[in-house]
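[1] Based on what follows, work out the 3D shape:
(chains A, B, C and D)
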2 protein chains.
Amino acid sequence: MTARARVKIKDVATLAGVSTATVSRALSAPDSVGPATRKKVMEAVKATGYRINSAARDLRQRRARSLLILAPNLSNTFFSRIFAAVQEEASSVGLTVQISDSRIGRDRLLSLGYDGRADGIVLLDGGLDPEVVNGWRLPLIQLSEWNDAYDAPRLGIDNHAAAGLAVDHLVGLGHRSILHVNGPEENVLAITRRQGFLDAASRNGAEATVFPGDFTLESGAEAARRWAGLDNRPTGVFCASDECALGFVSECIRLGCDVPGDVSVVGFDDIDFADRFVPSLTTIHQPRLEMGRAAVKQVVAMMQGTPKAETDATGTPPERIEATLVERASTGPAPA
Amino acid sequence: MTARARVKIKDVATLAGVSTATVSRALSAPDSVGPATRKKVMEAVKATGYRINSAARDLRQRRARSLLILAPNLSNTFFSRIFAAVQEEASSVGLTVQISDSRIGRDRLLSLGYDGRADGIVLLDGGLDPEVVNGWRLPLIQLSEWNDAYDAPRLGIDNHAAAGLAVDHLVGLGHRSILHVNGPEENVLAITRRQGFLDAASRNGAEATVFPGDFTLESGAEAARRWAGLDNRPTGVFCASDECALGFVSECIRLGCDVPGDVSVVGFDDIDFADRFVPSLTTIHQPRLEMGRAAVKQVVAMMQGTPKAETDATGTPPERIEATLVERASTGPAPA
DNA sequence: GAATCACGTGTAATCGATTTCACAAGGTGC
DNA sequence: GCACCTTGTGAAATCGATTACACGTGATTC
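    All right, here's what the predicted structure looks like:
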């Protein structure tokens, strides 16, 4: 409550009549000091309103009790729930969270993982320069997106198989010609989903078409206009993201087509609006809460020294988290 | 590139044949060392791959070059764009960003603003214990939400007036009976918007009704069901948030009502989906990018020592950022 | 030519914690 | 009653930077 100068451990020590070493121990390992001393210290702490100075502790302990989250676009709605999960889990084990757009300058980026402010990284971007990523000597986990050139474990759903779920669902409803609205060309997720789409279509003997896209609402709308102009319109559509799917559906409705009467649309991610949109969106559900939590748990495990041999083996199979298809109102039987 | 132990300033100094003081100066104030020395140092830095240890620098300089953002719910789509703006602006002035849910435990929260890890706070939550907030002795700005008990400047739109815009718009379209779906009882934004709604309705001589809500999609849907059960349904609806409005509209459509044919709906915030929803949502636009940027600029100014007298004057009028009404497809003339 | 100044640099103190090491006091075992 | 733990504590080194202060050099001023 004292509004004077910052109180430091020395002040607490003086007030309690002990040494700073004892105060430090009383706070970080209460069992290592005598009960009477502990009580005196705690009282002095309370009386002075002492709060530790993290910089000093971080310096001495050479760690920051902090995690860094990097994502290519902080305003992306898909990420926000992951941020929340990561922050929650991190906070529960006493770690603070630093967040940054991963598309800041190369040098700034390098510094982030190098300045000792974080002691673990959750990376949601597979598009960074591998040299930068591998240059960091910090426990790091790739979440959702990945890059084979990164020398770090990954965590996420099986995107190839998930795309298959979408195709199987559409085929099961009788759709024989299916369109895929792709994500950005160079994005691993997009590439994997696209391949999963093609493989599943071929496995099911369905006709497959692919339109370019970039995960955004606009690209979905654009694809819808292009789709509307086709002679033989595919009756089933699998979009590489929910935003794209929502854009597609909106534009269809605007163009006077009925969803799912004229065309069935499946999205990917199950973002918050997916079930509130009209029609609600059939989509691939990614358990983002679970993903965020698992990522933190794994980074923390690495921080606590999982044997190096295990963590930096490039061949480590990615940890898999189950994705499921949620059937909603944007898909229905193929029109006759 | 050397993969050996972390290199420190001493190593650079040795390699360059100068003292650590000179290295430090060469890096932080290049003009203060001779050109030849500077060159030697820079080369040594490059050769060793030296990166500063922030903990050491933070300790010595008693600052962290870091901003803390606090929001009541990190996965809220309204905030994500603000986060992005804050991060971008902060990064551009060399600050890193720490993020946390503001509804973590009181003690953890206190520590966040007290442990020297941040030297400025952007607070997006008006519902915290004022004792905690005022206990922090850090430049702090209230963004979007505010609390009169916080002893800190605020930044945001004029919510009272903005609600008026919504009402005026509906009245202008001929609606005489208007429903407001409120936000959480104790939330300042909700309270202010509600009051703005009531005042504007009375000023316009329109009939006003208020339903409870909590900003969520579900509460909007719930309100729609309740609205549908009324004998004399208001024809205009003003929701305290876009999510709520989207929930309301979705549910209306589900119930077979036409928007805006049977009922016109106005939202608040202009989140990303607002213009993609079908029908696209008429809403109050909050310039979140601008808000985030302005907040950072102001905190930074405070950090650099705007005279105390100015920054902690409780009577400082809140900085105002202009909100506008965006007319889209969810509102139309009142049915005859 | 003495006094003064500007400039570049090094030495050492400093930031505020943690942790190693040493040691005193009291308890055990034989 | 001696050797040997165990426990609790303090003194001082340490983490890795920044910076106050002092000093040497050469230029400027009168």
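[2] what's across from residue A:71 in the sheet?
    Counting by DSSP bridges, residue A:71 is bridged to residue A:101.
[3] shouldn't it be in contact with residue A:101?
    Yes. Using Cβ atoms under 8 Å, residue A:71 makes contact with residue A:101 at a distance of 6.9 Å. Bear in mind the C-beta positions are built from the backbone N, C-alpha and C, glycine included.
[4] More neighbours: those two, which one.
    A count of neighbours by other Cβ atoms under 10 Å in any protein chain shown puts residue A:71 above the other of residue A:71 and residue A:101, at 25 against 20.
[5] how about that one, what does it touch?
    Counting by Cβ atoms under 8 Å, 6 or more residues apart in numbering or on different chains, residue A:71 makes contact with A:79, A:82-83, A:99, A:101-102, A:124-125.
[6] ok, 7 Å please
    A:79, A:101-102, A:124-125 (Cβ atoms under 7 Å, 6 or more residues apart in numbering or on different chains).
[7] now do residue A:297
    Going by Cβ under 7 Å, 6+ apart, residue A:297 touches residue A:89.
[8] hmm, the host helix or strand of residue A:84 touching chain B?
    Secondary structure from DSSP states H and E places residue A:84 in helix A:77-92. Yes. Helix A:77-92 lies within reach of chain B by Cβ under 7 Å from any Cβ of the partner chain, at A:77, A:80-81, A:83-84, A:87-88, A:91.
[9] min pLDDT across those residues, which one?
    When the residues of helix A:77-92 next to chain B are compared by pLDDT, residue A:77 scores lowest at 85.
[10] my read: that one touches residue A:269, true?
    No. Residue A:77 is beyond contact range of residue A:269, at 8.8 Å (criterion: Cβ atoms under 7 Å).
[11] Residue A:169: neighbouring residues, count only.
    Residues near residue A:169, counting by other Cβ under 10 Å, number 19.
[12] Sorry, wrong one. I was asking about residue A:57.
    Residues lying near residue A:57 (other Cβ under 10 Å) number 19.
[13] Check the burial of residue A:288 by counting its neighbours.
    25.
[14] same check, this time on residue A:205
    The burial count assigned to residue A:205 is 8, neighbours taken as other Cβ under 10 Å.
[15] Spell out which parts of the stretch 51-200 of chain A neighbour chain B.
    Counting by Cβ under 7 Å from any Cβ, the stretch 51-200 of chain A comes close to chain B at A:51-56, A:58-59, A:64, A:74-75, A:77, A:80-81, A:83-84, A:87-88, A:91, A:96-101, A:104, A:108, A:111, A:114-117.
[16] show me which of those neighbour DNA strand D.
    A:56, A:59 (Cβ under 7 Å from any atom of the strand).
[17] Would you mind listing which of the residues of the stretch 51-200 of chain A next to chain B are buried?
    Burial by neighbour count, 16 or more other Cβ atoms under 10 Å in any protein chain shown: within these this picks out A:51-56, A:58-59, A:64, A:74-75, A:77, A:80-81, A:83-84, A:87-88, A:91, A:96-101, A:104, A:111, A:114-117.
[18] Next, name the residue at the spatial heart of chain A.
    Taking Cα atoms, centre = their mean as the criterion, residue A:82 is the residue nearest the geometric centre of chain A, at 4.7 Å.
[19] In contact with it: list those residues for me.
    A:124, A:288, A:291-292.
[20] one step back: which of the contacts of residue A:71 count as buried?
    Neighbour-count burial (16+ other Cβ under 10 Å) applied to the contacts of residue A:71 gives A:79, A:101-102, A:124-125.
[21] Looking at those residues, which one is closest to chain B?
    Closest to chain B out of the buried ones among the contacts of residue A:71 is residue A:101 (5.7 Å), distances taken as Cβ to the nearest Cβ.
[22] wait, isn't the closest one in contact with residue A:75?
    No. Contact criterion Cβ under 7 Å: residue A:101 and residue A:75 do not qualify, at 9.2 Å.
[23] what residues are shared contacts of those two?
    Residues touching both residue A:101 and residue A:75 by Cβ under 7 Å, 6+ apart: residue B:84.
[24] follow-up on the earlier one: for residue A:144, see how far away the residue nearest to the centre of chain A is.
    For residue A:82, the distance to residue A:144 equals 7 Å [Cβ to Cβ, to the nearest Å].
[25] Over to residue A:154?
    Taking Cβ to Cβ, one finds residue A:154 at 9 Å from residue A:144.
[26] More neighbours: which of those two?
    Higher neighbour count among residue A:154 and residue A:144: residue A:144, with 27 against 23, using other Cβ under 10 Å.
[27] Skipping adjacent residues, who's closest to the more buried one in space?
    residue A:156 (4.9 Å; Cβ to Cβ, 6 or more residues apart in numbering or on different chains).
[28] okay if I get the contacts of residue A:71 as a markdown table plus pLDDT?
    Shown next, in a markdown table, are the contacts of residue A:71 (pLDDT from 0 to 100):
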| residue | pLDDT |
| --- | --- |
| A:79 | 94 |
| A:101 | 97 |
| A:102 | 96 |
| A:124 | 97 |
| A:125 | 96 |
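[29] For residue A:128, which residues are in contact?
    So residue A:128 contacts residue A:102 (Cβ under 7 Å, 6+ apart).
[30] Tell me the pLDDT of it.
    In this model, residue A:128 is scored at 96, pLDDT.
[31] Residue A:4 now?
    On the pLDDT scale, residue A:4 gets 52.
[32] got the end-to-end distance for stretch A:13-26?
    Stretch A:13-26 has its terminal residues 11 Å apart, counting by Cα to Cα, to the nearest Å.
[33] Please tell me how far that stretch is from the chain's geometric centre.
    The chain centre lies 43 Å from the centre of stretch A:13-26; the measure is Cα atoms, centre = their mean, to the nearest Å.
[34] Pull out the buried positions in it.
    Residues of stretch A:13-26 classed as buried under the neighbour-count rule (16+ other Cβ under 10 Å) are A:13, A:15-16, A:18, A:22-26.
[35] closest to chain B among those?
    Chain B lies nearest to residue A:24 out of the buried residues of stretch A:13-26, by Cβ to the nearest Cβ, at 15.1 Å.
[36] what sits against the closest one?
    Per Cβ under 7 Å, 6+ apart, neighbours of residue A:24: residue A:9.
[37] And for residue A:15?
    Contact analysis of residue A:15 by Cβ under 7 Å, 6+ apart lists A:44, A:47-48.
[38] Now the closest residue to DNA strand C within the stretch 101-250 of chain A: closest residue in space, sequence neighbours ignored.
    The nearest approach of the stretch 101-250 of chain A to DNA strand C comes at residue A:116, 12.9 Å away (Cβ to the nearest atom of the strand). Nearest in space to residue A:116, with sequence neighbours left out and distances taken as Cβ to Cβ, 6+ apart, is residue B:53 at 4.9 Å.
[39] how about the helices of chain A, start to end?
    Per DSSP state H, chain A carries helices over the ranges A:9-16, A:20-28, A:35-48, A:54-61, A:77-92, A:106-112, A:130-135, A:159-172, A:188-204, A:217-228, A:242-254, A:288-303, A:308-311.
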